[in-house]
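Novice: Please work out how this folds:
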Amino acid sequence: MPKLDLSRAIAIKSAGGEVAALRGPGFSWRPFDPAARLAVHVDADIDTVGERDDIPAVALWLATQDRFRIVGLTASAPDSNAQEFRNCIAAYAADRDVILGKGKDPAEFLTQAELEALVLQGAKVDAPARGYWIAGEAGYAAAHACAQLLISNAQEFGSTGAGPWQKLWVVIQGGYTTLAQAAYEAVELGQLPDFFDRVRVVGQPNWNSSWAPNAWDYLFSRMWPAPDDPGLFGNAWMLSGYLQWHAFNRDNGGSDQTFWTAVTANSAMGAHLRSLLTRPGGAFTSPHFRAGDAGAWFWLMSALEGGNFDPENPGNWCGAYRTYVGRDPWPSQTVGYGAGSGLGSVPNPEGVTWSPRHFAPDLSVNSFPAAEAAVDLGRWYALVAEVMALYQADPVVEEPEEPGDHLAGLVGEWLLDEGSGMSLADAGPNGLTGRRGLYEPDPGTSAPAWVAEGLSFTPQQVAVVPYSPLLDHGDLTVVAVVRPDTTGGNQMFASRSEVPYPPGSPARNVFQLRNSNGALQFLGFSGGTVIIAAAGAVAVGQWMLVAAQNVGTAAVLRKNGAQVAAGPLNAPMALGVETDLRFGGRFNSTASVTDPVDGLDGTIAYVALYEGLSSADLPAVEERARQAVASKGISL
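Specialist: I've put the predicted structure just below:
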């Protein structure tokens with residue numbers, strides 16, 4: 001009997017709730033010239049004190065060098081630390097071979113030494129009142145060095161041409177001190193008078209302008225200060241992200257914690273991010289992918305995907321922007337930080353502008369709920385997961401031994417790393433509500449799921465084996481090694497039911513194996529009939545070997561090698577029902593979930609699927625399962 005070919009048929013339930021096919025390891029976002037990359041100079045207030053969101057943002061830039069040519073990494077006010085750029089680069093370098101192994105060009109993904117050569121420490125504090133430093137002042141040397149690198153990059157990588165690939169994209173993830181110093185030296189001192197024709201600036205000034213108001217005032221007051229007066233910097237093209245980019249800092253509880261676990265698993269970069277999850281005396285204590293300063297990255301990724309760099313494009317994943325010319329007030333959005341943040345009493349220093357080339361979001365983006373509604377969070381989660389997966393080694397495939405003659409009916413066998421936590425998130429109508437998802441493994445100790453036949457279990461997602469006629473056999477046996485984690489409702493170990501059961505559908509039997517309130521059940525979904533059940537056969541947090549078999553119209557259920565229930569079917573199982581086989585989904589939204597047992601959530605360690613076996617074959621297939629999980633330290 002040939003095995004199911006699952007290598008091209010894996011589907012996942014994304015964090016946004018939609019089922020989508022996984023892209024292959026060589027995926028590309030390139031809509032135009034495949035050789036084109038945007039030149040990017042990243043200026044950030046990166047540190048581990050209050051700017052943890054810069055570090056995941058840098059991880060995203062480094063993983064997408066096939067889209068962005070990084071030409072500068074400068075650290076600016078407030079309180080930046082260029083060493084954190086180097087720490088990120090070191091983590092990236094440890095994973096670089098993994099990234100290159102996924103079809104990436106070594107010429108595009110710079111080495112550690114090449115990237116470190118682009119790092120400079122700039123000003124740690126705001127500029128003097130005039131908005132820039134002059135020779136002889138404290139802080140001048142650092143600010144000047146960064147400004148000179150930015151000016152040099154604008155001259156080398158930017159031009160006065162109109163296309164987006166002809167510009168240097170200056171990404172501001174902190175204060176505007178480096179940009180202000182570069183503007184002064186390039187334009188006012190005449191080093192590069194067409195500086196602002198060569199660059200495009202994408203930043204987030206609502207927080208940052210409050211901490212470096214002198215630098216910001218210097219820039220803002222010289223961009224169209226009055227009608228018909230473009231000022232010194234009137235040709236500056238600037239996009240100011242404002243509050244909606246803080247949506248990418250969101251902490252939505254369990255689902256975001258599960259997402260964090262997934263995207264930081266099995267990589268040096270992931271371990272680096274986990275090590276910076278909290279800070280002494282700080283508020284960033286819950287595990288979530290805090291990356292508000294990655295808004296510029298996300299905006300540019302969307303522009304590349306759609307081929308549209310117009311800030312007023314409503315299709316951008318960060319939402320549409322507009323200019324505020326004349327009578328419209330400039331948005332000053334500092335809401336949502338809470339008492340004691342200092343931002344309630346430090347208003348942004350923007351005023352009225354007449355610039356037709358300075359863009360910001362709508363004024364209604366003035367709260368965190370409005371911010372989250374203004375961006376495409378579903379795209380954010382999906383893209384971050386895809387990019388961070390580049391750092392992660394591909395699953396190691398361990399082929400099972402060829403079965404003996406008595407196991408000729410093997411359809412598929414999946415041995416899963418217990419340390420990854422294979423109990424999957426709620427696939428019911430309430431989505432992830434109330435579901436803890438996976439536990440976070442200790443850094444460096446747990447590999448991701450590794451399987452035979454290409455079936456992949458991934459956190460916060462439902463693993464699906466698409467329908468095949470091989471599943472439509474009247475004699476079907478499923479063997480699973482599971483550790484349940486529910487105390488009420490139900491948790492599916494394997495299921496071919498349609499959820500919800502369609503009203504008015506003809507009676508039929510569809511395979512289900514589950515735990516329901518401590519009872520081990522084997523169901524034929526024919527009006528919800530429980531065919532056989534063993535009350536009290538499930539103990540939360542304990543491993544058990546389950547074998548469920550139907551032969552014709554007879555069904556048997558075994559636990560740990562002993563029969564616990566048997567009963568008749570009113571029709572053969574699953575004939576003529578074109579539904580997928582899911583492993584691990586919990587479909588009843590009323591089930592409660594215990595805290596992890598010994599730090600682990602419920603887990604599926606092994607699944608095997610057979611057709612055409614007899615009851616006499618069950619001891620052999622159970623022994624095969626025991627041996628398989630014993631190699632992972634699981635004793636039954």
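Novice: CA only for contacts and neighbour counts going forward, please
Specialist: OK.
Novice: A226 bridge partners, please.
Specialist: D229 (DSSP bridges).
Novice: what about it, how many residues close to it?
Specialist: Residue neighbour count, defined by other CA atoms under 10 Å, stands at 16 for A226.
Novice: Same question for P227.
Specialist: 12.
Novice: From W237, how far off is it?
Specialist: Applying CA to CA, to the nearest Å, the value for P227 to W237 is 17 Å.
Novice: swap in L115?
Specialist: Counting by CA to CA - L115 and W237 are separated by 27 Å.
Novice: what's around V629, how many residues?
Specialist: Neighbours of V629 using other CA under 10 Å come to 19.
Novice: Backbone torsions only: list them for it.
Specialist: phi -80, psi -20 (degrees, to the nearest 10).
Novice: same check, this time on the one 4 residues further on
Specialist: When quoted as degrees, to the nearest 10, the phi and psi of G633 stand at phi 80, psi 20.
Novice: all helices in the protein, in order from the N-terminus.
Specialist: Shown for the chain, the helices assigned by DSSP state H span residues 54-63, 82-100, 112-116, 140-157, 177-183, 195-198, 205-211, 213-220, 254-263, 268-275, 295-306, 368-374, 377-388, 618-630.
Novice: so can I have CSV of these showing distance to V564 and mean pLDDT?
Specialist: Listed next are the helices of the chain as CSV, based on distance: least, CA to CA, whole Å; pLDDT from 0 to 100:
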stretch, distance to V564, mean pLDDT
helix 54-63, 50, 94
helix 82-100, 47, 95
helix 112-116, 59, 97
helix 140-157, 72, 96
helix 177-183, 72, 97
helix 195-198, 75, 97
helix 205-211, 63, 76
helix 213-220, 73, 92
helix 254-263, 35, 78
helix 268-275, 44, 87
helix 295-306, 54, 94
helix 368-374, 50, 85
helix 377-388, 42, 91
helix 618-630, 14, 87
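Novice: Tell me which of those helices is the most buried.
Specialist: Compared across the helices of the chain, helix 177-183 shows the largest average neighbour count, a mean of 28 (mean count of other CA atoms under 10 Å).
Novice: other SSEs contacting that helix?
Specialist: Helices and strands touching helix 177-183, by 3 or more CA pairs under 8 Å, 6 or more residues apart in numbering; DSSP states H and E, are helix 140-157, helix 213-220.
Novice: Tell me which residues are up against the first one.
Specialist: If I follow you right, that is helix 140-157. Under the contact criterion CA atoms under 8 Å, 6 or more residues apart in numbering, helix 140-157 has outside partners 39, 41, 71-72, 74, 120-123, 133-135, 166-168, 177-179, 181-182, 185-186, 192, 195, 198-199.
Novice: try 6 Å
Specialist: G122, A123, W133, L168, T178, Q181, A182, R198 (CA atoms under 6 Å, 6 or more residues apart in numbering).
Novice: And stretch 236-249, by the same measure?
Specialist: 196, 200-204, 206, 290-292, 295, 357-360, 371-372.
Novice: still on that earlier bit, turn the helices and strands packed on helix 177-183 into a markdown table, including distance to G612.
Specialist: Formatted as a markdown table, the helices and strands packed on helix 177-183 follow (distance: least, CA to CA, whole Å):
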| stretch | distance to G612 |
| --- | --- |
| helix 140-157 | 66 |
| helix 213-220 | 74 |
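Novice: Could you work out which of those reaches nearest to P568?
Specialist: helix 140-157 (74.3 Å; CA to CA).
Novice: Pull out the buried members of the contacts of stretch 236-249.
Specialist: Burial by neighbour count, 16 or more other CA atoms under 10 Å: within those this picks out 196, 200-204, 206, 290-292, 295, 357-360, 371-372.
Novice: picking up where we left off before, so which of the helices and strands packed on helix 177-183 comes closest to N308?
Specialist: Taking those one by one with CA to CA, helix 140-157 is closest: 20.5 Å.
Novice: Can I get that closest one in PDB, CA atoms only?
Specialist: Output of helix 140-157 as PDB, limited to C-alpha atoms (Å, rounded to 0.1, in the frame of the first residue of the first chain):
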ATOM      1  CA  TYR A 140      29.500  66.700  18.100                       C
ATOM      2  CA  ALA A 141      31.900  63.900  17.100                       C
ATOM      3  CA  ALA A 142      29.400  61.100  17.300                       C
ATOM      4  CA  ALA A 143      26.600  63.000  15.700                       C
ATOM      5  CA  HIS A 144      28.900  64.200  12.900                       C
ATOM      6  CA  ALA A 145      30.200  60.700  12.200                       C
ATOM      7  CA  CYS A 146      26.700  59.300  11.800                       C
ATOM      8  CA  ALA A 147      25.700  62.300   9.700                       C
ATOM      9  CA  GLN A 148      28.700  61.900   7.400                       C
ATOM     10  CA  LEU A 149      27.800  58.200   6.900                       C
ATOM     11  CA  LEU A 150      24.200  59.100   6.000                       C
ATOM     12  CA  ILE A 151      25.300  61.800   3.600                       C
ATOM     13  CA  SER A 152      27.800  59.500   1.900                       C
ATOM     14  CA  ASN A 153      25.100  56.800   1.600                       C
ATOM     15  CA  ALA A 154      22.700  59.400   0.100                       C
ATOM     16  CA  GLN A 155      25.300  60.300  -2.500                       C
ATOM     17  CA  GLU A 156      26.200  56.700  -3.300                       C
ATOM     18  CA  PHE A 157      22.900  54.900  -3.100                       C
END
